[in-house]
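Asks: missing the sequence, but the structure's below:
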């Protein structure tokens, strides 16, 4: 296996001045090309953890190594070209008068030349399906479009790792699927995806690996199908696996072991066809 | 930013000073804010500042207040003392006379007194914020307006309650700043002009999110019938006691003495 692109070593984080312990001895390795979902109840430390990956937060104790670089000695702008961070609320980052200007903000900060900025801006807008809005005002776009614009404005910096905080919050199912299909395509093109979410249906459909946090501690980490089998442990983190996984778990008693959405679908299709 | 949040958190503590009626504390602050406008006498300003600082341990905020002010005082006084020699041309006891810089002992004392004016006002305001819960103040003022003066409770309650959202506003600002940093923006560490330039775009999403929040809160208030009746019920009807009047009296006495000093001719900085 290749070297991890993100290595978290004994990470502790305490928020000052309230002295709130947010992360407790977290160890994690994320490899290039992975699609990992961080799940857990509110306040479990998901966002605190991912904010360490691009240096927005610095470890109170322990270390986070990104692409061989210790985040304690790197600025956020240095890490921005490796780790892109899409915030939960797109309205927290949109400020420009046009979609083009919004998307080219990051590349300008990184010092790309003007041809590259133009080419990247147009390419990522095509990727997220917003090419036709290139000269529109961002605030006039719909919520789902603004969410995709937020992704585009981070993608334009060409980061190899993409952190997406609650990508489907506030979106209807159609927009959620569109957003997640975009994320899946990015993953297939080689981007490492780190997603925080409460939507277990989305996790089951898209994430290949799941890491569960409870009160700042990592309690589960592994392939999605394996993690969702740990029903009792998940309960302690107030995480409920999708019904399909609970069903497949029950079916295990009948020697069924393909606990993926596709596996269960195939099984029922075979049943329906009478095979 | 975290210092402000810490101050607002401290206001929820229990102590004899926290228990003083928020209206009494507001009046006390009002009087003390006028004192440095009336006088520049360093002894008067210094004594009142010392009085507030000695009151802090009684309120159980001594350590936090001192720590906060110790980082603020040198900046406030230092800035004034460093810039004043450029403007103060009086004084006979010359310390330095070079080019357009004319530093005298009198100038230094005057600059110190000017610094003390700000120090006193900042100390009083910080003490007030750290000992007064915004929601209690809103409720007390709203109740007074309605039950004592027969005015509408809506405006005071609404205006003061809006301060409750300051932590949320700050939280939004921090998130917005982080989202800009994540896109490679360099905000700090390159001087004031660079900071000003790079901080302006942050206000666009901040204003946007604030307007959205204001709209939501206004709708939520309407849905909960805020302002539907001319009178509303206040669970706590506060009545001022001896402690509250004593508090007001201490502020009024300080102001009265400052005015007397001004009339009697010793209200200016003693050089």
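Replies: Cool, got the structure. The structure displayed is predicted, hence computed values, not measured ones. Numbers count the residues shown, from 1 in each chain, chains lettered A, B, ... in the order given.
Asks: now residue A:4, what's its secondary structure?
Replies: coil (DSSP: H, G, I helix; E, B strand; the rest coil).
Asks: and it, how far from residue A:28?
Replies: Here the criterion is Cβ to Cβ, to the nearest Å. By it, residue A:4 lies 9 Å from residue A:28. Quick note: C-beta positions are derived from backbone N, CA and C, even for glycine.
Asks: which parts of the stretch 101-250 of chain B sit against chain A?
Replies: B:172, B:175-176, B:178-186, B:201-202, B:204-205, B:208-209, B:212 (Cβ under 8 Å from any Cβ of the partner chain).
Asks: PyMOL command to pick out the buried ones of these?
Replies: Buried members of these, defined by 16 or more other Cβ atoms under 10 Å in any protein chain shown, are picked up in PyMOL with:
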select buried, chain B and resi 172+175+176+178+179+180+181+182+183+184+185+186+201+202+205+208+209
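Asks: where does the stretch 101-250 of chain A get nearest to chain B, residue-wise?
Replies: residue A:109 (3.4 Å; Cβ to the nearest Cβ).
Asks: what's the closest non-adjacent residue to that residue?
Replies: Excluding its sequence neighbours, the residue lying closest to residue A:109 (Cβ to Cβ, 6 or more residues apart in numbering or on different chains) is residue B:184, at 3.4 Å.
Asks: then residue A:176?
Replies: Distances taken as Cβ to Cβ, 6+ apart place residue A:168 nearest to residue A:176, at 3.9 Å, with adjacent residues excluded.
Asks: by mean pLDDT, flag the weakest helix or strand of chain A.
Replies: Lowest on mean pLDDT, DSSP states H and E among the helices and strands of chain A sits helix A:243-251, with a mean of 75.
Asks: how about that helix: buried residues?
Replies: So for helix A:243-251, counting by 16+ other Cβ under 10 Å, buried means A:244-245, A:248-249, A:251.
Asks: returning to what we had before: contacts only, for the residue of the stretch 101-250 of chain A closest to chain B.
Replies: A:77, A:80, A:157, B:183-186 (Cβ atoms under 8 Å, 6 or more residues apart in numbering or on different chains).
Asks: next one: it from residue A:80, what distance?
Replies: 7 Å.
Asks: quick one on the thing from earlier: of the contacts of residue A:109, closest to residue B:151?
Replies: The nearest member of the contacts of residue A:109 to residue B:151, counting by Cβ to Cβ, is residue B:185 at 47.3 Å.
Asks: just the helices in chain A please.
Replies: A:46-53, A:76-79, A:99-109, A:114-127, A:143-155, A:173-188, A:200-206, A:224-227, A:231-236, A:243-251, A:261-273 (DSSP state H).
Asks: weakest of those in terms of mean pLDDT?
Replies: Mean pLDDT is lowest for helix A:243-251 among the helices of chain A, at a mean of 75.
Asks: any residues touching that one, and which ones?
Replies: Applying Cβ under 8 Å, 6+ apart, the contact partners of helix A:243-251 are A:204, A:225, A:228-229, A:231, A:241, A:256, A:258-259, A:261, A:263-264, A:267.
Asks: so where's chain B shaky on pLDDT?
Replies: By pLDDT under 70, the low-scoring segments of chain B are B:1-3, B:85, B:271.
Asks: sorry, back to before: buried ones among the contacts of helix A:243-251?
Replies: A:204, A:225, A:228-229, A:241, A:259, A:261, A:264.
Asks: redo those residues as a markdown table? Include distance to residue B:219.
Replies: Shown next, in a markdown table, are the buried ones among the contacts of helix A:243-251 (distance: Cβ to Cβ, whole Å):
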| residue | distance to residue B:219 |
| --- | --- |
| A:204 | 36 |
| A:225 | 44 |
| A:228 | 39 |
| A:229 | 44 |
| A:241 | 37 |
| A:259 | 45 |
| A:261 | 39 |
| A:264 | 43 |
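Asks: which of the residues you listed lies closest to residue B:29?
Replies: residue A:241 (55.8 Å).
Asks: residues contacting the nearest residue to that closest one once chain neighbours are set aside?
Replies: Among residues not flanking residue A:241 along the chain, residue A:228 sits closest, at 4.0 Å (Cβ to Cβ, 6+ apart). By Cβ under 8 Å, 6+ apart, residue A:228 lies in contact with A:200, A:204, A:210, A:234, A:241-242, A:245, A:249, A:259.
Asks: my read: residue A:100 touches residue A:120, true?
Replies: No. Using Cβ atoms under 8 Å as the test, residue A:100 is too far from residue A:120 to be in contact (11.1 Å).
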